[in-house]
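In: Quick check, what structure comes out for this input:
(chains A and B)
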Number of protein chains: 2
Amino acid sequence: MPSSPHCLRNGGTTSPRATNPNFHSTVSVQKLRRLNALILALRLSTFCFSFASAVFMATNSRSGSSTWVDFDAFRFVVAANAIVALYSLFAVGASVWEILKGTTLFPEAVQVWFDFGHDQGFSFLVLSANTAGTALARDLGRNETCTSVSAFCVQSYISIALGFVGFLFLAFISLLSGFRVACFIITGSRFHM
Amino acid sequence: MPSSPHCLRNGGTTSPRATNPNFHSTVSVQKLRRLNALILALRLSTFCFSFASAVFMATNSRSGSSTWVDFDAFRFVVAANAIVALYSLFAVGASVWEILKGTTLFPEAVQVWFDFGHDQGFSFLVLSANTAGTALARDLGRNETCTSVSAFCVQSYISIALGFVGFLFLAFISLLSGFRVACFIITGSRFHM
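Out: Residues are numbered from 1 along each chain as shown, chains lettered A, B, ... in the order given. Okay, the predicted model is just below:
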């Protein structure tokens, strides 16, 4: 595998170079730190929005009338956003680990593919769930459900909107982690500097 | 920009190297040909499935009863699949051009970003449309619509299923074109051999 002075290899194998960040120029280290901070911020945002979306939908019950459990698309919204929130929480942990220790949690090859696969897959999942939720919410808006219990519909709109924001963050992260995979394939390191 | 003997640069600028494929080793040229053929095949498949999906849904009218125009999610399915079919047809043309002429249709930097942006964006669009269609079709399945005109529902199921297959092909192409963008950023060429 090719390796250049720009490469940061770590994870499974530990070489003196990998554990010594002073090997890199100051500019590279700063860039790296900024990129890691960006990924952490995006992951935290994804977590917040997905978690809020899942909670908003899961508490969307009006006693005696409508409840989210009765609608399969709303169950899908709760499940997808909860899964993404859980994954994001784990990814935040992995990201903090990477910032503190300077190495990836799993071996580097596993980590880049794990990140990219989950980011891409879950962004499709959460988009799909939120779209199904939107289709149902629009349909309910034309029925008598929304005129009788409008709070139920408003709460589901808010939940779905939060879910879409979470999707946007996740889709952006999946671009970054896709780039990391390509970097890893081409240069043998997850960073291109 | 770094350039190595492995790089294929073309599009906007023409150098003797870019126009002379014999510059590359036989193995590289064979790999390149195979990759281009794979992309062309995937684009053709995407076109076929999206086109079939749009046509199936757009002809889904039962005289005197249900028609697809009455349901906004079904209109979304037709629109999204028609857009993807049109784009895929254009992309097939660009791909054939690339195979025949050895250069990209637009300048290389524009082409790789154009491909990736559209592939990724349209794969989100078509997934979204098909999911909305699925949510509506499931909902219709519980109403009296499907029991009275079952052919209408069956035809919409088939259309949506075709749309999902088209989405899978497009999502796979978007991985390849994402890799081309990363290659282009890192090595200055859209191919990594």
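In: ok, now how distant is A:Arg62 from chain B?
Out: Noted for A:Arg62: a distance of 21 Å to chain B, by CB to the nearest CB, to the nearest Å. Yep, even glycine has a C-beta here, placed from its N, CA and C like the rest.
In: residues touching A:Leu125, list them.
Out: Under the criterion of CB atoms under 8 Å, 6 or more residues apart in numbering or on different chains, the contact list for A:Leu125 reads A:Ala80, A:Ile83, A:Val84.
In: Just the pLDDT for A:Pro21.
Out: If you check A:Pro21, the pLDDT there is 45.
In: sorry, back to before: list only buried entries from the contacts of A:Leu125.
Out: A residue is treated as buried here by neighbour count (16 or more other CB atoms under 10 Å in any protein chain shown); on that basis the buried members of the contacts of A:Leu125 are A:Ala80, A:Ile83, A:Val84.
In: Which of those sits closest to chain B?
Out: Taking CB to the nearest CB as the measure, chain B sits nearest to A:Ala80 out of these, at 10.9 Å.
In: Name the SS class of that closest one, please.
Out: On the three-state scheme (DSSP: H, G, I helix; E, B strand; the rest coil), A:Ala80 is labelled helix.
In: and the buried ones among the contacts of A:Leu125 near chain B, which?
Out: When CB under 8 Å from any CB of the partner chain is applied, no member of these is adjacent to chain B.
In: elements contacting the host helix or strand of A:Val96?
Out: A:Val96 belongs to helix A:72-101 when assigned by DSSP states H and E. Here helix A:72-101 touches helix A:26-58, helix A:108-142, helix A:150-187, going by 3 or more CB pairs under 8 Å, 6 or more residues apart in numbering or on different chains; DSSP states H and E.
In: what comes up buried for the longest one?
Out: By that I understand helix A:150-187. Residues A:152-153, A:155-157, A:159-160, A:162-167, A:169-175, A:177-187 are the ones in helix A:150-187 that count as buried (16+ other CB under 10 Å).
In: Residue of chain A closest to chain B, please.
Out: For chain A, the nearest residue to chain B under the criterion CB to the nearest CB is A:Ala182, separated by 3.0 Å.
In: how near is A:Asp119 to A:Val165?
Out: Per CB to CB, to the nearest Å, A:Asp119 is found 16 Å from A:Val165.
In: let me fix that: A:Ser177
Out: When CB to CB is applied, the distance between A:Ser177 and A:Val165 equals 19 Å.
In: Equivalent analysis for A:Phe90, please.
Out: Taking CB to CB as the criterion, A:Phe90 is separated from A:Val165 by 20 Å.
In: Now do the contacts for the residue sitting nearest the centre point of chain A.
Out: Nearest to the centroid of the C-alpha atoms of chain A, with distances taken as CA atoms, centre = their mean, sits A:Leu170, at 4.1 Å. Shown here is A:Leu170, whose contacts under the criterion CB under 8 Å, 6+ apart are A:Thr46, A:Ser50, A:Val84, A:Ser88, A:Asp119, A:Phe122, A:Ser123, A:Val126.
In: Would you confirm that the fourth one contacts A:Thr46?
Out: Yes. With contacts counted by CB atoms under 8 Å, A:Ser88 reaches A:Thr46, the gap being 4.5 Å.
In: Tell me the predicted confidence for A:Val181.
Out: Value listed for A:Val181 in the pLDDT field: 91.
In: Tell me which residues touch it, please.
Out: Contacts here follow CB under 8 Å, 6+ apart; on that basis A:Val181 touches A:Val112, A:Trp113, A:Asp115, A:Phe116.
In: By mean pLDDT, which helix or strand of chain A comes out lowest?
Out: Ranked by mean pLDDT, DSSP states H and E, the helix or strand of chain A with the weakest confidence is helix A:16-19, at a mean of 45.
In: re earlier: which of the contacts of A:Val181 sit farthest apart?
Out: Taking CB to CB as the measure, the contacts of A:Val181 reach their widest spread between A:Trp113 and A:Asp115, a distance of 7.4 Å.
In: Tell me which of these two has more neighbours.
Out: A:Asp115 (25 against 16; other CB atoms under 10 Å in any protein chain shown).
In: Quick check: the gap between that one and B:Arg138.
Out: Counting by CB to CB, the gap between A:Asp115 and B:Arg138 amounts to 33 Å.
In: same question, A:Phe122
Out: Using CB to CB, one obtains 22 Å as the distance from A:Phe122 to B:Arg138.
In: quick one: which of these two has more around it?
Out: The neighbour count for A:Phe122 versus B:Arg138, taken as other CB under 10 Å, is higher for A:Phe122 (24 against 17).
In: Isn't that one up against A:Val84?
Out: Yes. Applying CB under 8 Å, one finds A:Phe122 in contact with A:Val84, separated by 5.2 Å.
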